[in-house]
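> here's my sequence, what's the structure:
(2 chains)
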Amino acid sequence: MQVTVLVPAALRQYSDGRGRVSVALPPDHPLTVEAVFEQLHAAHPGVVERALDERGQVRPHVNVFVDGQSIRAGSALGLETPVASGAEVWILPAVSGG
Amino acid sequence: MPLRSSVRLLVGTTKGLFLIDPSTALQGPLLPGTSVPSVAFDARHQRLFASTTNPFWGTAIVCSDDLGHTWSQPPTPNLQFPADTGAAIRQVWQIAPAGPAQPDLVYVGVEPAALFRSVDAGETFELMRGLWDHPHRPTWTPGQGGLGLHTILVDPRDALKIVVAISTGGVYRSDDGGETWRASNTGVRADFLPDKHPEYGQCVHKIARDAVHPDTLYLQNHWGLYRSDDGGSNWTDIANGVPSDFGFPIVAHPHKSGTAYIIPLVADAKRWTPDARCRVYRTTTGGGAWEPLTCGLPQRDAYITVLRDAFSADTLDPAGLYFGTRGGQLYASANDGDDWELLAEHLPPVLSVRAAILE
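Residues are numbered from 1 along each chain as shown, chains lettered A, B, ... in the order given. As a prediction, this is how the structure comes out:
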């Protein structure tokens, strides 16, 4: 199963400069954002470590979307959010700063 | 000329790092988009260190071996809590290269309060479990700036002897390279607690080591100025003749025993220079008396705050002294603080200042 991860410009130095990275999930893998990130980390180390902290939690000022839906809005399941074949997983910096 | 030819100044701000050379040309912002709360110069390797806190992507320690032209970019963050701690790095508060006897040893203090160590000259860091597992640690509480381990002093006679300071935890000492620790706050006040002299829990803002007598330490407290002559076991009040004993930095002269510098603020609720005058205070008698240093510093309408790592000395003689303000001014003295000159203004808020002395 293939999904596409959209990498923000600030992290593309860790994805060979690519803004869209195709990630393949083996058939026996859980079909979740967490599993996508595991595969992304294996292929392009550096992206996931900056989107998540060392506890494996999405950093406070980072947002992750699956096909346009935030993984932590409302009753969303966070990193356990399911992904379907062909899904787009977005990593985006939040609107914040000073 | 406030910067001598061998000096490069590292200025960490909320918006990146600036470098200043003796022509006072400003280079930067380097590492843009990150806050740089801690900078260091490792004279052993002629290496610049900076901690970067990106508001989105986290914290790292980066280094440069070519005076800031290029910086390391570790693909995997080189400073992380182990998974079993359940903790995550919020900020680096201090980067402290150890002495020449252990040229690849670098200590780092972070928030939440913990000590890390590198044994590969700053490429990778590991948590020092001795302090993390100390029974006091779960009861330390954050001050307004967070719960940071912000000061690391390595004994020049023995790199296994370490003194650290934590806001708000107080002073802790280890004599065995960080395996075991003991609180070391006897005599230091905690005005904000029911018990004014607890074993630990003081909000120590900064400590500095005397240039000649390593067992003599100076301490700027959240209310209180102190000196210890026994390596930190006991502290004596030395707030003799200062307009306020509240402030953040304290800096020891690099060569003269008994000489230290502070920049007092009015109060914790009034964090600006007393009487709206920017005055560095110097003692040459170990705190027996303090004199204001004003030449070249603004003496009216100066509501200035200098943070704990935004004031430092170089290793030259006479000493160069440097401080940056939250209002973005940078001042320097090349003669032990007698005269000062404005090096830069309109910078972002200054968090950290260190001088690199090039060989």
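> would you map the strands across chain A?
All strands of chain A, identified by DSSP state E, fall at A:2-6, A:20-24, A:62-66, A:69-70, A:88-93.
> can you say which of those is packed in most?
Ranked by mean neighbour count, the strands of chain A are led by strand A:62-66 with a mean of 21 (mean count of other CB atoms under 10 Å in any protein chain shown). From N, CA and C alone the C-beta is placed, and that goes for glycine too.
> tell me the strands beside that one, with direction?
Paired neighbours of strand A:62-66 in the sheet (DSSP bridges): strand A:69-70 (antiparallel), strand A:88-93 (antiparallel).
> give me phi/psi at the spatially most central residue of chain B?
Residue closest to the average C-alpha location in chain B (CA atoms, centre = their mean): residue B:309, at 3.7 Å. Per-residue torsions, residue B:309: phi -110, psi 10 (degrees, to the nearest 10).
> how about the residues of chain B by chain A?
Neighbours of chain A within chain B, by CB under 8 Å from any CB of the partner chain: B:33, B:54-58, B:73, B:75-77, B:80-83, B:86-89.
> among the residues you listed, the buried ones, what's the ChimeraX command?
Typed into ChimeraX, the line below selects the buried ones among these, using 16 or more other CB atoms under 10 Å in any protein chain shown:
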select /B:54,55,56,57,58,77,80,81,87,88,89
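> keep only those of the residues of chain B next to chain A that are in strands.
Members of these lying in strands (criterion: DSSP E): B:54, B:58.
> what comes up buried for stretch B:35-46?
Going by 16+ other CB under 10 Å, stretch B:35-46 has these buried residues: B:35, B:36, B:37, B:38, B:39, B:40, B:41, B:42, B:44, B:45.
> mind listing what's buried along the longest helix anywhere in chain A?
In chain A, taking DSSP state H as the definition, the longest helix is helix A:33-43. Along helix A:33-43, these residues count as buried under the neighbour rule (16+ other CB under 10 Å): A:33, A:34, A:35, A:36, A:37, A:38, A:39, A:40, A:41.
> pull the contacting residues for the residue nearest to the second one when sequence neighbours are not counted.
To tie it back to what came earlier, the one meant is residue A:34. In space, and not counting its chain neighbours, residue A:34 is closest to residue A:79: 4.1 Å by CB to CB, 6 or more residues apart in numbering or on different chains. Residues near residue A:79 by CB atoms under 8 Å, 6 or more residues apart in numbering or on different chains: A:32, A:33, A:34, A:37, A:56, A:58, A:64, A:71.
> do you know how far residue A:79 is from residue A:89?
As judged by CB to CB, to the nearest Å, residue A:79 and residue A:89 stand 11 Å apart.
> overlap in contacts of those two?
With CB under 8 Å, 6+ apart as the test, residue A:79 and residue A:89 both reach A:33, A:64.
> neighbouring strands of the longest strand anywhere in chain B in the sheet, and parallel or not?
For chain B, the strand with the greatest residue count under DSSP E is strand B:158-167. Looking at strand B:158-167 with DSSP bridges, its partner strands are strand B:148-155 (antiparallel), strand B:170-174 (antiparallel).
> re the thing from before, in a markdown table, list the strands paired with strand A:62-66 along with mean pLDDT.
Formatted as a markdown table, the strands paired with strand A:62-66 follow (pLDDT from 0 to 100):
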| stretch | mean pLDDT |
| --- | --- |
| strand A:69-70 | 94 |
| strand A:88-93 | 97 |
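> tell me the bridge partners for residue B:115.
Note on residue B:115: beta-bridge partners residue B:109, judged by DSSP bridges.
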